[in-house]
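1. any chance you can model this:
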Amino acid sequence: VGVPIQMCMNVGIEERVNKDNIVRLREAVRNGAHIYPGALSICLDGNTYNQAGDNWKELNAPRPEVRERIAEDLQYGSIVKRHVIKGDIGLFNRAPSLHRQSVMAVRAVPLEQKNLSFNATICDPFNADYDGDAMKLHFVQTEVAIAEARQRMLITKNLIHARYGKLAIANDQDQVSGIYLLSHTNKRRKGEWNPTTGLGYTNEGIPYMSAASVRNALGYVYSQNRKTGENRKITSLPKDVHYAPDGTECYTGRALFSHLFTVLDCEYVSAEFQGNTPQVDEEGNIIREGDELDEEGIIIKEVDEEGNIIRKGGKPVKEIVRFEKGKLIKGTLEKNAFGAGGGSIAPSFIYHEGYEKGLEKLAEFIEMSTRLGLAAHRLVGFTMGVADVQGGPEARAVIDEQYEEAAQKIKAVQDAFNNGTLVRFADNHDEQIFADMDPVAFMEEKIYNITEGFEKAILEPIQDFQGSGNPMQISVRSKARGKDSNVQQMGGSYGLVMV
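-> Predicted coordinates:
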């Protein structure tokens, strides 16, 4: 956690002098209270209960020779109340504390700023966001408490949520949409290749990038060894090479993500689970329950007597995501795969490495995958404008037709209410009684059912028009941000939201 230097100077941590730290602590005493990194006071004999005046020395003296004399008096066993420095342990908390992981231990990083700062990856357990949330940081004082906080309360020791066993800390928002961009299938762009941007799509619609752009992106991806403090950087490229039509050496986004398992020596990861991304046909349209495909893999569309497509309104069929020995074989990665509240591939680390070592390896993988997700936005690109949330002319024609149909149904209900014949809309005896006793409430319920059916029906043509590469669909399908209701409201029709 980034801590303002002014806060580091105001908060003291008591450290006992020994042969390993005496040089550093003497330098802190020489700096005093007003020079960072310095110290606030010292207890010469190390007995904090001894309140004798000559035992405690405040370090506010402006003259450096006074502080130098005190520093020379320092001995083994003395206690120095020094400034907070890099690596000190603090307990990070955001109210209200609703579960165990509302309070976790963090390592301090002093920075020239005026606020506490932390990685967006750890927002979820604190239920935090960036709209002015107040966070609290309590610095641990005694050696025993510090050791216990390191062993039990560090964020890297609490990756798995204590309540429901899924990842509490993992990819979120931009990081999630980034790994979606690397692994999704865009059938409407299959066979494309742009040598200027170094971006293309295979004949199956899987994105691939030039080796030059991949090397540049991997420069942003690293993890930290918690024991040595050294960064592990990626200096190799994936083994599976894909060649562009002009012969350029490239790598698919799926190979790029799978390469993380090789770098971290965890190619044992295997998993299969249902993702959140819907399956699509060869034209990029969502496959729904009840749909049938022709020999070319395209949905067989049924039409009515007027030539309009009959939409069955079935639920989308979700993709199956499969990892085999550290390789993504099929499916699109999103929050279900490796996001906060999901993490279907996370258990493999613990099953193969054991709990302690598994968490260490998992922490490194989270660091690398989150940074790769952010780098993916540089590789593939991600922007959103007004046109991206609209349904387009084809979808609009379908929506207008459905709107007129729903409007006629609502008008019929309102006319029946005005004429006192509302009971004919009752589907059973109970509804007849309801219509007779409270006609206003019965009318409102019938109108709500009509509008709800209309709002659900318009989602299908919008989704088919936008496709898997649309920024709005990327946000929703990856679970990075937004829901289907946002797509429906912005692209089709906005109505009253039931609470």
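2. now do stretch 458-467: distance to the chain's middle.
-> Put simply, stretch 458-467 sits 25 Å off its chain's centre (CA atoms, centre = their mean, to the nearest Å).
3. buried residues, that stretch. List them.
-> I458, L459, E460, P461, I462, Q463, D464, F465, Q466, G467 (16 or more other CB atoms under 10 Å). C-beta: built from backbone N, CA, C; applies to glycine.
4. what does the helix or strand containing L181 rub up against?
-> Assigned by DSSP states H and E, L181 belongs to helix 174-183. Contacts with helix 174-183, where a contact means CB atoms under 8 Å, 6 or more residues apart in numbering, come from 120-121, 171, 206-207, 253-254, 256-257, 277, 328, 331-335, 337-339, 369-370, 372-377, 379-380, 382, 474-475, 477-481.
5. same thing but 7 Å
-> Applying CB atoms under 7 Å, 6 or more residues apart in numbering, the contact partners of helix 174-183 are 171, 207, 253-254, 256-257, 328, 332-335, 339, 369-370, 372-374, 376-377, 380, 382, 474-475, 477-480.
6. just the strands in the stretch 151-300 of the chain please.
-> Assigned by DSSP state E, counting those that start in this stretch, the stretch 151-300 of the chain shows strands spanning 193-194, 199-201, 207-210, 222-224, 231-233, 242-243, 249-252, 271-278.
7. E15 and A435: what is the separation?
-> 78 Å (CB to CB, to the nearest Å).
8. same thing with V487?
-> Relative to A435, and taking CB to CB, V487 is found at 35 Å.
9. R63 now?
-> R63 is 92 Å from A435, by CB to CB.
10. compare neighbour counts for those two and give me the winner.
-> A435 (22 against 9; other CB atoms under 10 Å).
11. what sits against that one?
-> Taking CB under 7 Å, 6+ apart, we find A435 in contact with L422, V423, A426, F442.
12. that one in helix, strand or coil?
-> helix (DSSP: H, G, I helix; E, B strand; the rest coil).
13. next SSE after the helix or strand of the chain with the lowest mean pLDDT?
-> When the helices and strands of the chain are scored by mean pLDDT, DSSP states H and E, helix 335-338 comes last with a mean of 77. Once the chain leaves helix 335-338, the next helix or strand it forms, by DSSP H and E, is helix 347-353.
14. helices of the stretch 251-400 of the chain, residue ranges please.
-> 253-263, 335-338, 347-353, 355-380, 392-419 (DSSP state H, counting those that start in this stretch).
15. and R188, which of the ones you listed is closest to it?
-> helix 392-419 (12.9 Å; CB to CB).
16. buried ones in that closest one?
-> Judged by neighbour count (16+ other CB under 10 Å), helix 392-419 contains these buried residues: A395, R396, V398, I399, Q402, Y403, A406, K409, I410, V413, A416, F417.
17. how about stretch 431-446?
-> So, applying 16+ other CB under 10 Å, buried residues of stretch 431-446: Q432, F434, A435, F442, M443, E445, K446.
18. among these, which are in helices?
-> Of the buried residues of stretch 431-446, the ones assigned to helices by DSSP state H are Q432, F434, A435, F442, M443, E445, K446.
19. which of the strands of the stretch 151-300 of the chain sits most buried?
-> Among the strands of the stretch 151-300 of the chain, the stretch with the highest mean neighbour count (mean count of other CB atoms under 10 Å) is strand 207-210, at a mean of 24.
20. now the one residue sitting closest to the centre of the chain: how far from Y448?
-> What sits nearest the mean C-alpha location of the chain, by CA atoms, centre = their mean, is D172, with 0.3 Å. Per CB to CB, D172 is found 34 Å from Y448.
21. now do L111
-> As judged by CB to CB, L111 and Y448 stand 53 Å apart.
22. more neighbours, these two?
-> The neighbour count for L111 versus Y448, taken as other CB under 10 Å, is higher for L111 (17 against 13).
23. that one bridge partners, please.
-> P4 (DSSP bridges).
24. circling back to that earlier point, thinking the residue nearest to the centre of the chain is in contact with C123, fair?
-> Yes: applying CB atoms under 7 Å as the test, D172 and C123 come out as touching, 6.5 Å apart.
25. and which of the buried residues of helix 392-419 is nearest to N225?
-> Nearest to N225 out of the buried residues of helix 392-419 is A395 (CB to CB; 50.8 Å).
26. what residues are up against that closest one?
-> A395 neighbours (CB under 7 Å, 6+ apart): P461, I462, F465.
27. ok so, going back, of the ones in helices among the buried residues of stretch 431-446, which is the nearest to G219?
-> E445 (59.1 Å).
28. now the terminal residues of stretch 120-135, how far apart.
-> Distance between the two ends of stretch 120-135: 14 Å, counting by CA to CA, to the nearest Å.
29. check the average confidence over stretch 130-144, would you?
-> Stretch 130-144 shows a mean pLDDT of 88.
30. where's P439 relative to N115, distance?
-> 58 Å.
31. low pLDDT regions in the stretch 101-250 of the chain?
-> Nowhere does the stretch 101-250 of the chain drop to pLDDT under 70.
32. quick one: the helices in it, in order.
-> Using DSSP H, counting those that start in this stretch, helices in the stretch 101-250 of the chain cover 123-126, 143-148, 174-183, 211-218.
33. which parts of the last one are buried?
-> Neighbour counts using 16+ other CB under 10 Å place A211, S213, V214, A217, L218 of helix 211-218 among the buried residues.
34. elements contacting that helix?
-> When contacts are defined as 3 or more CB pairs under 7 Å, 6 or more residues apart in numbering; DSSP states H and E, helix 211-218 sits against strand 249-252, helix 355-380.
35. same question, the first one
-> Contacts defined by 3+ CB pairs under 7 Å, 6+ apart place helix 123-126 against no helix or strand at all.
36. put the alpha carbons of that helix into CSV.
-> Taking Å, rounded to 0.1, in the frame of the first residue of the first chain, the C-alpha atoms of helix 123-126 are listed here in CSV:
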residue,chain,number,x,y,z
CYS,A,123,-10.8,-3.9,-3.9
ASP,A,124,-13.2,-6.8,-3.7
PRO,A,125,-12.6,-8.1,-0.1
PHE,A,126,-12.8,-4.5,1.2
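37. dump the buried residues of helix 392-419 into JSON lines; add distance to R30 and pLDDT as well.
-> As requested, the buried residues of helix 392-419 are exported to JSON lines (distance: CB to CB, whole Å; pLDDT from 0 to 100):
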{"residue": "A395", "distance to R30": "72", "pLDDT": "83"}
{"residue": "R396", "distance to R30": "74", "pLDDT": "84"}
{"residue": "V398", "distance to R30": "77", "pLDDT": "84"}
{"residue": "I399", "distance to R30": "74", "pLDDT": "86"}
{"residue": "Q402", "distance to R30": "78", "pLDDT": "86"}
{"residue": "Y403", "distance to R30": "77", "pLDDT": "88"}
{"residue": "A406", "distance to R30": "79", "pLDDT": "89"}
{"residue": "K409", "distance to R30": "84", "pLDDT": "91"}
{"residue": "I410", "distance to R30": "81", "pLDDT": "91"}
{"residue": "V413", "distance to R30": "84", "pLDDT": "89"}
{"residue": "A416", "distance to R30": "90", "pLDDT": "88"}
{"residue": "F417", "distance to R30": "87", "pLDDT": "88"}
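38. tell me the contacts of G297?
-> The contact partners of G297, taken as CB under 7 Å, 6+ apart, are D281, E282.
39. look up the closest residue to E282, ignoring the ones flanking it.
-> With CB to CB, 6 or more residues apart in numbering as the criterion, E282 has its nearest non-adjacent residue at 4.2 Å, and that residue is G297.
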